[in-house]
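# here is a sequence with its predicted model. Questions after.
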Protein chains: 2
Amino acid sequence: MTDEAVAERRGRRAGGGAARRAERTAPRTEFARFITRNIPDLEILNAEALEIIEANAETVLAEIGVNFVDNPDALALWKDAGAEIDGERVRIPRGLARRLCATAPRTFTQHARNPERNVEIGGRNLVLAPVYGPPFVRDVAAGRRYATIEDFRSFVKLGQMSTYLHHSGGTVCEPTDVAVNKRHLDMLHAHMTLSDKPYMGSVTLPERAADSVEMSRLLFGADFVDRHTVMTSLVNINSPLTFDSVMMGALEVYARAGQACIISPFIVGGAMAPVTVAGTLTQVLAEVLAGVAYSQLVRPGAPVIFGAFVTSIDMNSGAPTFGTPEAAQITLGAGQLARRLGLPYRSAGAFCGSKLPDAQAAYETANSLNIGLMSGVNFMLHACGWLEGGLVSSYEKFVMDADQLGILHRLAAGVDISAGGQAMEAIREVGPGGHYLGCDHTQAHYKEAFWRSGVLDYKPFETWEEEGARDTATLAAAKVARMLGDYEAPPLDPAIAEALADYVARKKAAVPDAFV
Amino acid sequence: MTDEAVAERRGRRAGGGAARRAERTAPRTEFARFITRNIPDLEILNAEALEIIEANAETVLAEIGVNFVDNPDALALWKDAGAEIDGERVRIPRGLARRLCATAPRTFTQHARNPERNVEIGGRNLVLAPVYGPPFVRDVAAGRRYATIEDFRSFVKLGQMSTYLHHSGGTVCEPTDVAVNKRHLDMLHAHMTLSDKPYMGSVTLPERAADSVEMSRLLFGADFVDRHTVMTSLVNINSPLTFDSVMMGALEVYARAGQACIISPFIVGGAMAPVTVAGTLTQVLAEVLAGVAYSQLVRPGAPVIFGAFVTSIDMNSGAPTFGTPEAAQITLGAGQLARRLGLPYRSAGAFCGSKLPDAQAAYETANSLNIGLMSGVNFMLHACGWLEGGLVSSYEKFVMDADQLGILHRLAAGVDISAGGQAMEAIREVGPGGHYLGCDHTQAHYKEAFWRSGVLDYKPFETWEEEGARDTATLAAAKVARMLGDYEAPPLDPAIAEALADYVARKKAAVPDAFV
């Protein structure tokens, strides 16, 4: 299937000849709806293993407990709910956290300013969002360097133009040329104006989360934001078993505003969790139970996602490793635990440890993307662009990975078993020794029959050699240039654009720059 | 987990100080036992879809039929079995082919000359074999060129030294510098003398299959070969629905000798099969049913494998494509059909269309390897070294892929749920905010906790840059050189070596060279 065939045309077709001419000449931005799986999940834990891990997680919460640091309000909420408080330690009686989690929705809609880009998070769905967090960027031409706000804007543009990416994400790279205390304003402004896909809010301080809510109220209207979820933000747990007040402060802001959070242990196995898969799953489950339960203490019904960012450590170099079998097992197992808990699930991504968008990067990434699909992941952050263990956002890898995401769409759609899918008339028509290329069934179906990459090389060797024997990264670099050249900002009400610009300018002027 | 930890030492330890010293100084050849899955398969077809495809396949056999070309003996066997013969067309009444398949073993042992390298094909097992068939080779230093017998020997050596490769394979590349009518002798000789892993026989003419049996009798002893399976050979079906006399002739030789064959449709979807997944699965099943049934007519109980080599076509360039979602769906579905038929299953591989061992090659390969594991494949040909749609055996990709195969071993092993795996004492010891690196549990388990690549780069950016900023292919080239430098031939009885060399010399001298 071609990009054109899987994707729907962006809507809002105006009438009249001028509009039709504009439509014919403007670069088309195709987009695919979020994935709804029509294939089963791969369940590697049997009932006994699941019960052991769930019982152990309750033991961890009841006997070891979790720390809520610098957060007396949280301790008070926990005490009222029936937990045992000892300093900052919260010990949660067996079953309490799971009961509290029951008010979290099994699925929720995150609205985009273009309603066609709304996403449904949970159930059988899979929503794909780009890389989050790297302080560096890399491209083939200029190599590795600190990221700037211009890089940030370029990645938002690439995300907007990527057919198989459903979400604009959050910190697609760290704009290190903007003051730390003002960065979030420029980042949100870029997502809100350069993309019409859903986006994430700031979590680096509670007041930055509040800015995210305020800017969203300008973009969507205050009433709309009060009644709908328009952000999904990333709240990491300080594994093991620690909830710091910065991240919890952001969670509190978002939960009270009815905005969604991913509550996500951040684990390098062997360092922040045991070296074993079952041990790590136990800790992940205990941490998510405590975090989600806390979100429901803050506001019952607040939308949250069961997160699991899990990698392992290379015991020789101490570096985190990606695309490994242990990470795969944890990702698959955590998906089962999330479904039993009735929560949307976030895990996997275009993870790799490689310094270059080379074969290592692609092996590791494809391992994680495939496992993510099989694991029943509902929200995949870092689904494209991740390089060098998350230190680098790669321009080329962004479009290479985003292209691979098309495979997940097709694979998840399952097998068409209609009469057309069965193709018995074609088998009859062609018969033994024949050829299908010219038969009626092929002519009727070939345009949509096969997924086709928009980056990879399918040409004969001789043609490929004549064209410069380009590797994948080189082909991707050309595509990056084409996309950024073709980019057009999605239409935005000028009054809203002005209000957003004004908000950013006002907030930036109010305080001096800080770079820590 | 390190290579050392997963692998067992090669056996046959001689006594005495000299032997111990030799053991300490000789490069160690590690090997991993074939995979036995402890995780479930991914089943994407529901009961209704399976029943439709199975019923349609019976319709194809009964109403359309298959052609057995230039093969009056086959037509006679089919007639006796109850099929309707019309010229070369064989129409097989509903249910007959499936009933005939019932005498094929569900699982069989392929013996190696080193009994520790025996493989069990079928059941929950996965046996990995290298690339088969390319006329070209490529390496980073010399680029792409026609393959020679020296290349062939080098690939056999790399296979022998690859920890996660269980099988020496067959035509690891085409030795184009040897006469076509004598090639098989040199290829078999290389597998038999340079490797002690199991191998494949020749299928390019029935008399070459007979040579393969004769040479195996020299290697294993005639009595042993009469009573045991020592070869698994690749018999392709001329899809659609055509069985030519060359391939069937080889099948007949092997089946009569109790030697195994993979009976495998070779399908580029859209050309040799319908453009739809369900249609292709129908044709694959019909072809395998007919082929396996025929093997059982030749000799009931002959070991065979349900093969499915399936790719799709790029409708723009006409090139076959790899690592695609349609190929994944067919591979998964065919696994279900094979299990319902009670036959070992061959599919998937390190497939890619890329001209270079770059990111495209790795994405496509990892997609297929992961799907192969999830599909319940029992015998994976082309599990390493495949490049450029199978036109090229790549030295670097051979070792890159062979390294990735280690991931399949670990992932398939499933999750350890023992007390050690649960790691509750570690979680207790470390507690909230602690660190696992130094805890007792980590110290006890870290050596075997995580799979570790023997090719990929896990070093910090600065170290990697100082060492030349090498990409994966460059790192792999260095590993190829090390492996070929370290290679030592496995011991072989000099009398057997002489008998094999004599057989090859005699057969080569008996006829003039032919290059067609």
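Arrived safely, thanks for sending.
# residues contacting A:Glu43?
With contact set as C-beta atoms under 8 Å, 6 or more residues apart in numbering or on different chains, A:Glu43 has these partners: A:332, A:336, B:40. For the C-beta atoms, the positions are set from N, CA and C on the backbone; glycine is no exception.
# and the closest residue to chain B within the stretch 51-200 of chain A, what are its phi and psi?
In the stretch 51-200 of chain A, the residue found nearest to chain B is A:Asn67; the distance is 4.1 Å by C-beta to the nearest C-beta. In this entry, A:Asn67 is assigned phi and psi values of phi -100, psi 130 (degrees, to the nearest 10).
# tally of neighbours for it?
Using other C-beta atoms under 10 Å in any protein chain shown, the number of residues around A:Asn67 comes to 20.
# that one contacts A:Leu241, correct?
Yes: under the criterion of C-beta atoms under 8 Å, A:Asn67 lies in contact with A:Leu241, with a separation of 6.5 Å.
# overlap of the contact sets of these two?
Taking C-beta under 8 Å, 6+ apart as the criterion, A:Asn67 and A:Leu241 both touch B:432-433.
# show me where pLDDT drops low in chain A?
For chain A, the stretches flagged by pLDDT under 70 are A:1-29.
# how about the contacts made by the residue of the stretch 51-200 of chain A closest to chain B?
The neighbourhood of A:Asn67, defined by C-beta under 8 Å, 6+ apart, consists of A:88-90, A:241-243, B:432-433.
# how about it, nearest residue that isn't a chain neighbour?
Here the nearest residue to A:Asn67 in space, its sequence neighbours aside, is B:Pro432; by C-beta to C-beta, 6 or more residues apart in numbering or on different chains that works out to 4.1 Å.
# tell me the secondary structure for that neighbour?
With DSSP: H, G, I helix; E, B strand; the rest coil as the basis, the three-state label of B:Pro432 is coil.
# quick check: it touching A:Leu61?
No: using C-beta under 8 Å, B:Pro432 and A:Leu61 do not qualify as a contacting pair, with a distance of 11.2 Å.
# and these two? Which one has more around it.
A:Leu61 (27 against 22).
# quick one, phi/psi of the residue nearest to that one when sequence neighbours are not counted?
By the measure of C-beta to C-beta, 6+ apart, the closest residue to A:Leu61 outside its immediate chain neighbours is A:Ile92, 4.2 Å from it. Reported as degrees, to the nearest 10, the phi and psi values for A:Ile92 are phi -110, psi 120.
# what segments of the stretch 1-150 of chain A are strands?
For the stretch 1-150 of chain A, the strands identified by DSSP state E, counting those that start in this stretch occupy A:8-9, A:30-31, A:35-36, A:66-68, A:84-86, A:89-91, A:107-110, A:119-122, A:125-128, A:136-139, A:143-146, in order along the chain.
# contacting residues for the residue nearest to A:Ala489 when sequence neighbours are not counted?
Once flanking residues are discounted, A:Ala489 sits nearest to A:Leu194: 5.8 Å by C-beta to C-beta, 6+ apart. The neighbourhood of A:Leu194, defined by C-beta under 8 Å, 6+ apart, consists of A:153, A:156-157, A:160, A:489-490.
# could you do A:Gly454 as well?
Taking C-beta under 8 Å, 6+ apart as the definition of contact, the neighbours of A:Gly454 are A:3, A:163, A:403, A:406, A:479.
# distance of the residue in the stretch 401-516 of chain A that chain B sits nearest to relative to A:Gly454?
Closest approach of the stretch 401-516 of chain A to chain B (C-beta to the nearest C-beta) occurs at A:Ala423, with a separation of 2.8 Å. According to C-beta to C-beta, to the nearest Å, A:Ala423 stands 27 Å off from A:Gly454.
# now A:Met187
Here the distance between A:Met187 and A:Gly454 works out to 27 Å (C-beta to C-beta).
# now A:Arg183
In this structure, A:Arg183 and A:Gly454 are separated by 32 Å, where distance is defined by C-beta to C-beta.
# what's around A:Ser418, how many residues?
Neighbourhood size, A:Ser418 [other C-beta under 10 Å]: 9.
# what does the one 5 residues further on give?
Counted by other C-beta under 10 Å, the residues lying close to A:Ala423 total 30.
# could you do A:Leu373 as well?
Neighbours of A:Leu373 under the rule other C-beta under 10 Å: 27.
# cool, and A:Phe515?
Applying other C-beta under 10 Å, we find 8 other residues in the vicinity of A:Phe515.
# quick check: chain neighbours aside, which residue is closest to the most centrally placed residue in chain A?
Ranked by distance to the mean C-alpha position of chain A (C-alpha atoms, centre = their mean), the top residue is A:Leu381 at 2.1 Å. Distance criterion C-beta to C-beta, 6+ apart; nearest residue to A:Leu381, sequence neighbours excluded, is A:Ala129 at 5.0 Å.
# if we can go back for a sec, may I have the phi/psi pair for the residue of the stretch 401-516 of chain A closest to chain B?
For A:Ala423, the backbone dihedrals (degrees, to the nearest 10) come out as phi 60, psi 30.
# can you pull the contacts of the closest residue to it other than its chain neighbours?
For A:Ala423, the nearest residue in space outside its immediate sequence neighbours is B:Gly279; the separation is 2.8 Å by C-beta to C-beta, 6+ apart. Residues counted as contacts of B:Gly279 (C-beta under 8 Å, 6+ apart) are A:421-424, A:426-427, A:441, B:273.
# distance of the nearest residue in space to A:Ala257 that is not next to it in sequence relative to A:Ala514?
Counting by C-beta to C-beta, 6+ apart, A:Ala257 lies nearest to A:Val213, which is 4.9 Å off, once chain neighbours are set aside. For A:Val213, the distance to A:Ala514 equals 22 Å [C-beta to C-beta].
# one step back: go ahead and confirm the residue nearest to A:Leu61 touches A:Ala290.
Yes: with contact defined as C-beta under 8 Å, A:Ile92 and A:Ala290 form a contacting pair (6.4 Å).
# intersection of neighbour lists for these two?
Contact with both A:Ile92 and A:Ala290 is made by residues A:61, A:66, according to C-beta under 8 Å, 6+ apart.
# and chain B, is the longest strand along chain A touching that?
Determined from DSSP state E, the single longest strand within chain A is strand A:260-269. Yes: on the criterion C-beta under 8 Å from any C-beta of the partner chain, strand A:260-269 is in touch with chain B at A:Gly269.
# doesn't the residue nearest to A:Ala423 lie inside a helix?
Yes: going by three-state DSSP, the assignment for B:Gly279 places it inside a helix.
# that one and B:Ser312: what is the separation?
Noted for B:Gly279: a distance of 12 Å to B:Ser312, by C-beta to C-beta.
# ok, A:Gly420 - contacts?
The neighbours of A:Gly420, taking C-beta under 8 Å, 6+ apart as the test, are A:441, A:444-445, B:276.
# the spatially closest residue to A:Tyr487 that is not a sequence neighbour: how many residues sit nearby?
Nearest non-adjacent residue to A:Tyr487, counting by C-beta to C-beta, 6+ apart: A:Lys157, 4.5 Å away. Taking other C-beta under 10 Å as the criterion, the count of residues near A:Lys157 is 20.
# A:Lys157: what secondary structure?
Strictly by three-state DSSP, A:Lys157 counts as helix.
# quick one: it and A:Met483 touch, right?
Yes: judged on C-beta under 8 Å, A:Lys157 makes contact with A:Met483 at a distance of 7.4 Å.
# just to check, A:Arg470 is in contact with A:Lys459?
No: with contacts counted by C-beta under 8 Å, A:Arg470 stays clear of A:Lys459, the gap being 10.2 Å.
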